[in-house]
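Undergrad: kindly generate the corresponding structure for this input.
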Amino acid sequence: MEHSDENASNSLPDDIEQNFLTQFSSMVTTDKEELILQFQSIGGNVNYSTATFFLDMTNWNLQAAVGCYFDYMAQNRQPSMKLLNDITVGKGEKLTPSTAIKLTWLLQNNGDIAWPCGSYIGLRRNPSMMEENFPVSYEDLKYVVPSIVPNDTVTVSVQLVSPPTEGFFETVWSIYTPNGTSFGENITSRIEVSPDGTMAVTQQFSSLQTNSTGELNPQQNTTAQSQSNELDDNEMWG
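TA: Next up, the predicted model:
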């Protein structure tokens with residue numbers, strides 16, 4: 001059981017680990033009902049059948065059972081994402097038809113594990129107004145995001161082209177693990193397409209202004225492009 005005990009120590013959160021291990025190591029009861037009650041005291045709404053399963057699996061060794069339980073929970077944790085802010089340049093402005101734009105969001109890893117390497121952001125559902133005359137397939141609209149640890153934030157950008165017709169243009173995005181499982185909040189972008197739109201001009205002007213002020217040196221610029229999925233403005237605007 002030494003291996004299980006070591007895993008339990010590594011898996012338990014720091015603020016409760018010592019208390020649990022000290023408490024359990026001092027218990028000498030062999031009463032199964034009492035052991036089940038003690039197992040349930042770890043919290044997390046552990047039910048009677050779950051407690052019984054892990055205790056029986058470890059020959060009713062309470063400390064080993066708790067270690068196995070936390071190992072199991074750690075292996076089944078899922079990544080999570082929270083949208084902190086839509087920082088798209090020109091947000092709220094209208095957009096001209098058939099025009100390239102860049103959407104940008106500030107995202108946070110609000111889970112308790114790092115995002116898997118190879119995770120990406122992509123369209124969650126096909127926007128109805130983009131069914132025709134769209135230059136790339138929906139499968140192409142995938143942008144790799146960095147693997148960030150819990151509580152860290154990252155700025156993520158995607159690029160796409162507005163539909164040729166006027167009206168409201170809505171896209172819904174999600175982050176996916178490399179195997180295609182979505183996690184975290186959905187990100188919805190809703191923009192009005194109109195001939196008098198100014199959003200694209202605002203984005204172009206902002207890009208030119210950033211380049212002319214020299215606020216980003218070449219090394220910083222490389223980092224910024226990496227955090228924004230290596231999108232190239234020249235590629236966007238042709």
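
Undergrad: against which helices or strands is the strand ranked longest in the chain packed?
TA: Longest strand in the chain by number of residues (criterion: DSSP state E): strand 182-193. Applying 3 or more C-beta pairs under 8 Å, 6 or more residues apart in numbering; DSSP states H and E, one finds that strand 182-193 contacts strand 82-86, strand 100-108, strand 120-125, strand 167-176. C-beta: built from backbone N, CA, C; applies to glycine.

Undergrad: hmm, try it at 7 Å
TA: strand 82-86, strand 167-176 (3 or more C-beta pairs under 7 Å, 6 or more residues apart in numbering; DSSP states H and E).

Undergrad: so which of those strands is the most surrounded?
TA: Comparing these by mean neighbour count (mean count of other C-beta atoms under 10 Å), strand 167-176 comes out on top with a mean of 18.

Undergrad: within its sheet, name the partner strands of it and how each one runs.
TA: strand 120-125 (antiparallel), strand 182-193 (antiparallel) (DSSP bridges).

Undergrad: contact partners of it?
TA: Contacts with strand 167-176, where a contact means C-beta atoms under 7 Å, 6 or more residues apart in numbering, come from 81, 119-125, 127, 129, 145, 158, 160, 162-163, 182-184, 186-193.

Undergrad: weed out the non-buried ones from these.
TA: Among the contacts of strand 167-176, those scoring as buried are 81, 119-123, 127, 129, 145, 158, 160, 162-163, 183-184, 187, 189, 191, 193 (criterion: 16 or more other C-beta atoms under 10 Å).

Undergrad: where does the chain dip in pLDDT?
TA: Scanning the chain with the threshold set as pLDDT under 70 gives 1-29, 43-44, 74, 125-140, 212-238.

Undergrad: can I get the strands paired with strand 167-176 in CSV including distance to residue 31?
TA: Converted to CSV, the strands paired with strand 167-176 look like this (distance: least, C-beta to C-beta, whole Å):
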stretch, distance to residue 31
strand 120-125, 52
strand 182-193, 42
